[in-house]
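Trainee: Need coordinates for the below:
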Amino acid sequence: MRTKLLTEINLIPEEKLEEVYNFIHYFRVGVEASQSTREQIMQFAGCWDDMPNELFSDFSEEITTRRQQAFAGRRNNETSLS
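Mentor: Presented below is the predicted three-dimensional model:
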């Protein structure tokens, strides 16, 4: 596959190489960044395991309530014509 890619790159006009480079570079950096982000997120996996069920239930309800409040205001603003 690498040989095929290099063959194609060699056929690209000189004035388009910077665009191709930017695309490849952005793609590679994006993949690396998403991997580190995934690792950071996974550090939190199971962090509520030792939380008592009642406290976790209260926590979940609080999150739901806050989300509903946050999005209720947004929906009202989006449907308003003024």
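Trainee: okay, CA-based contacts and neighbour counts for the rest of this
Mentor: Fine.
Trainee: secondary structure element for the residue nearest the centre of the chain?
Mentor: Closest residue to the average C-alpha location of the chain: Ser34 at 7.3 Å, with Cα atoms, centre = their mean. Using DSSP states H and E, Ser34 sits in helix 17-42.
Trainee: cool, and Trp48?
Mentor: Using DSSP H and E, no helix or strand contains Trp48.
Trainee: Pull the number of nearby residues for it.
Mentor: A count of nearby residues for Trp48, using other Cα atoms under 10 Å, gives 11.
Trainee: could you measure the residue nearest to it when sequence neighbours are not counted against Glu62, distance?
Mentor: Of all residues not flanking Trp48 in the chain, Phe56 sits nearest, at 7.6 Å (Cα to Cα, 6 or more residues apart in numbering). Between Phe56 and Glu62 the distance is 10 Å, computed by Cα to Cα, to the nearest Å.
Trainee: And Val29, by the same measure?
Mentor: 37 Å.
Trainee: burial measure for the residue nearest to Trp48, as a count.
Mentor: For Phe56, using other Cα under 10 Å, the count is 14.
Trainee: Now do the same for the helix or strand containing it: mean pLDDT, whole number.
Mentor: For Phe56, the host element (DSSP H and E) is helix 53-79. When pLDDT is averaged over helix 53-79, the result is 83.
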